[in-house]
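>>> sequence plus the predicted model coming up.
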Amino acid sequence: MFRTVCLRLTLWYTLLFGLLSLGAFLLVYVHIANGLGRHTDDQLRATAREFIQTRKERGLAGLQNEFILEAAATGKERIFFRLLDQKGRQLAASDLSSWPNIAVTASLVPTDTDDRFSRIQLPGHRLPVRVLTTRLEDGSLLQTGLSLQENDQVLELYRETFSTAFLLIISLGGIGVYFIARRAMGGVKEVTEAAGRIAAGDLEQPISRGNRGEEIENLAAMFNIMQKRVADLIDELKAVVNNIAHDLRMPITRIRGVAEITLTRDSDLSQYREMAVTVIEESDQLVGQINTILELAEIDAGLKVMTLEKVNLIRLIQMAAELYQPVTEDKGIILNLQLPGESCFINGNLSALQRLLANLLDNAVKFTPTDGMISLKLVVENEHVLLSVADNGPGIPPEEQKRIFDRFYRGDASRSSLGSGLGLALVKSIVRAHDGTITVKSDGNNGSTFLIKLPVII
C-alpha cells in the first residue's frame, strides 16, 4: 500500500498539514504568552501606583489596611503585597501565610528609582511568581507579587483546544487529501488500463474526456494520439508486410519457374546459361528491393547518419541531365533545363541527392510518351530553393496523389511497368532528412510536377 502514489501523497500532505498547524500553534502560543505577560506587568504597575498614592494620602496604617483588602479581594494565595525599609525590614504586608520565605535578594532590588520585574520560584508553589519591586522616594521598597496560575490556566486551555483541533485537522485533512489524491490519480489509472488494453492488442478504445484537471486531460489526449498512431503504424506494417510478401514472391516464383522448366526439359548449355542470367537478374532485383527497404527504415528511424557537405545544386542537376540524355534521346524525349545564372548551394548528402534525382527522372522517363518533354527547373526564393521535375505523361489521379509516397504503393498507370513502389518513398525520406518538403501537382490527365523545397545556403 505504501508504494502507491495516492497514499504517498496523503502521507506527505498530512505531514505538511501537521507541520503548518504546529507552526501556527507555536506562533499563536508565543503571542498569547507574551500578551499575558504584558497584561500581568501592567496590572502590577497599576496596583503599585495605587499603593504609592494611598501611602501619601493615608500613611502607613492606611497602606496596611489597603494591602489586606486588596489581597482578600484578589485572593491571598494568588497575590501578596509588602513594604520594606531600606534594611529589608517589613513595615507593612498583606496576609503572607501562603507566601513563606520570601527573601529580599539582590535580584529583586532595583539599582535606582526604576521598577524591577523578577520571576521567582517559591517553595510550595507549583508555578513561578511575578514580582514587581519599586523603590520609593524615601528609599523603602514596595513589593507586589502575583502568581502566574491564571496565565497558566489560559495557556493550558489553549493547549488542550489545539490538541483536539490538531487531531481533527490531521484526521479529516488526511481523509480529505486521500480522496482528492484518489480522484486526481483516477485519470492516471485510466491511462494505465488503456495501456493494458493496448498490450493485450485492443487499439479501438480511446480514453474518454472528462473533468479530471488540465494535466490529466492533456495526458489522456496525448495517449489517445499515441494509441491512434500505434494503430496506424500496425495497419501500415501489415500493408508493408503484405506488399513485401507479394513483391518478393513474384521474383522468387519466376526464379523457381525458370529453373524448373530448364531442369525438366532436355536443355542444352545455352538454355542453362539463359536460366542463370534470369536468376541473376531476378536476384539483383530482390537485393535492390531489400536494400531500398533497409535504407528507408534507417533514414526514417534516424539510424543512417548522412554526412552533409556544401553541394552545388546546379552542377548536380546538370550531371543528372547528362547521365539521362542518352535515354531520353533514344525515346525521343526532350530534356529541358531551366537553371539560374548564379551558383546555388545547399547543405546536403551528395549520394542521397543523386539517388533523389535519379528516382524522379526514372519515373519521368518511364511515364513520358515518345516526343514528350521533361523539365527540370530550379528557382531560389528567399532562404529556400525550389526544384521541380515535370513531365507531360498521363498524370496522377487526385485520389492517388495522397498515397504515391507510401511504400510499395503503385498506381493504376504503373502496374504494367517494372518497379517496386519504393522509389518515391525513398525520395520523400531523403527530402525529409534534408529538412525539406516534397509535393506533387497533377490534374490526372496532363502530366505531373514534383516540387521539392530545400533550405539554401545564403
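Sure, I can see it. In this text, all values refer to a predicted model and were calculated from it rather than measured experimentally.
>>> for the helix or strand where S171 lies, which residues meet the burial criterion?
Using DSSP states H and E, S171 sits in helix 149-184. Going by neighbour count (16 or more other CB atoms under 10 Å), the buried part of helix 149-184 is 149, 151, 162, 166, 169, 173-174, 177-178, 181, 184. All C-beta atoms are positioned from the backbone trio N, CA, C, and that covers glycine.
>>> would you map the helices across this structure?
5-74, 149-184, 186-199, 214-264, 269-301, 313-331, 350-367, 398-401, 423-433 (DSSP state H).
>>> can I get the buried residues of helix 149-184 in a markdown table with distance to K441 and pLDDT?
Rendered in a markdown table, the data for the buried residues of helix 149-184 read as follows (distance: CB to CB, whole Å; pLDDT from 0 to 100):
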| residue | distance to K441 | pLDDT |
| --- | --- | --- |
| Q149 | 99 | 85 |
| N151 | 93 | 87 |
| F162 | 79 | 89 |
| F166 | 76 | 87 |
| I169 | 71 | 84 |
| G173 | 66 | 84 |
| G174 | 67 | 85 |
| V177 | 61 | 84 |
| Y178 | 62 | 83 |
| A181 | 56 | 80 |
| A184 | 51 | 73 |
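>>> G124: which of those residues is nearest?
G124 lies nearest to Q149 out of these, by CB to CB, at 13.0 Å.
>>> distance of that closest one from V30?
Distance of Q149 to V30, given as CB to CB, to the nearest Å: 20 Å.
>>> E282 too?
To V30, E282 is 94 Å away according to CB to CB.
>>> got it, and S208?
According to CB to CB, S208 and V30 sit 53 Å apart.
>>> can you check A46 too?
25 Å.
>>> which one of E282 and V30 has more residues nearby?
A direct count of neighbours by other CB atoms under 10 Å for E282 and V30 places E282 higher, at 18 against 10.
>>> tell me the contacts of the more buried one?
Contact analysis of E282 by CB atoms under 8 Å, 6 or more residues apart in numbering lists 251-252, 254-255.
>>> confidence score at it?
Looking at E282, its pLDDT is 79.
>>> before we move on, what about the one 4 residues further on?
Note on L286: pLDDT of 77.
>>> ok, now T161?
pLDDT recorded at T161 is 90.
>>> got it, and V241?
69.
>>> residue contacts, I346?
Counting by CB under 8 Å, 6+ apart, I346 touches 310-311, 313, 385, 434, 454-457.
>>> can you rerun that using 7 Å?
Taking CB atoms under 7 Å, 6 or more residues apart in numbering, we find I346 in contact with 311, 313, 385, 454-457.
>>> now the buried members of these.
311, 313, 385, 454, 456.
>>> A71 and R45, how far apart?
Taking CB to CB, one finds A71 at 18 Å from R45.
>>> have a look at these two and say which one is more surrounded.
Taking neighbours as other CB under 10 Å, A71 and R45 compare with A71 leading, 21 against 15.
>>> which non-adjacent residue is nearest N445?
G395 (5.1 Å; CB to CB, 6 or more residues apart in numbering).
>>> which pLDDT does the model give the residue positioned nearest the centre of the chain?
By CA atoms, centre = their mean, the chain has its centre lying nearest to E215, at 9.2 Å. We have a pLDDT of 74 for E215.
>>> buried ones in stretch 277-291, by neighbour count?
278-279, 282, 285-286, 289.
>>> and which of the residues you listed is nearest to G62?
Of all these, G62 sits closest to Q289, with 124.9 Å by CB to CB.
>>> who is G145 paired with across the strands?
F80, V131 (DSSP bridges).
>>> correct me, but it touches H125?
No: between G145 and H125 there is no contact under CB atoms under 7 Å: 10.2 Å.
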